[in-house]
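S.K.: Coordinates only, no sequence provided:
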């Protein structure tokens, strides 16, 4: 018996508050800084412009989690690629295989965009997430992601 596909739908600007609430929970768990104004502005830009990517809400009631998938370009990746920027499964929905199903959704969306590579980042303090990604076929390139924050003004 195969599991039913994970219900999911694209978030719209009307879902802003719902997504931000889940983002706040995700950022707290993943030790990320949650700045409501800056994070909200970034979410608004993503929801308003599909060429940047998409946010998919997970579950029949769109409250089991979300994934944010964005578009990028890399010479090393031979052109366009998709970045699974964020994946959050709500605590009430964990332990049912939703993470693996969400990864399959992200891969399907990336294929629909015509890209051949799906990338993601995982924090060193999150070995459970890394194990999920490795089981799903992602490869650890043994690289570190370095970040330089630039003044946007």
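M.R.: Looks like it came in fine. Source: prediction; values computed, not measured.
S.K.: What count of nearby residues applies to the residue nearest to residue 90 when sequence neighbours are not counted?
M.R.: Spatial nearest neighbour of residue 90, excluding adjacent residues (CB to CB, 6 or more residues apart in numbering): residue 65 at 5.1 Å. C-betas here are computed from N, CA, C, even on glycine. Using other CB atoms under 10 Å, residue 65 has 26 neighbouring residues.
S.K.: repeat for residue 78
M.R.: Residues within reach of residue 78, counting by other CB under 10 Å, total 11.
S.K.: And residue 79, by the same measure?
M.R.: 13.
S.K.: Excluding covalently adjacent residues, which one is nearest to it?
M.R.: residue 73 (6.4 Å).
S.K.: what packs against the helix or strand hosting the one you found?
M.R.: Using DSSP states H and E, residue 73 falls within strand 65-74. Contact partners of strand 65-74 among helices and strands, from 3 or more CB pairs under 8 Å, 6 or more residues apart in numbering; DSSP states H and E: helix 16-29, strand 53-58, strand 79-89, helix 98-112.
S.K.: which residues pair with the residue nearest to residue 90 across the strands?
M.R.: Counting by DSSP bridges, residue 65 is bridged to residue 58, residue 89.
S.K.: Please report how far it lies from residue 109.
M.R.: 15 Å (CB to CB, to the nearest Å).
S.K.: Distance from the particular helix or strand that has residue 40 in it to the middle of the chain?
M.R.: Assessed by DSSP H and E, residue 40 sits inside helix 36-48. Mean-position distance between helix 36-48 and its chain equals 14 Å (CA atoms, centre = their mean, to the nearest Å).
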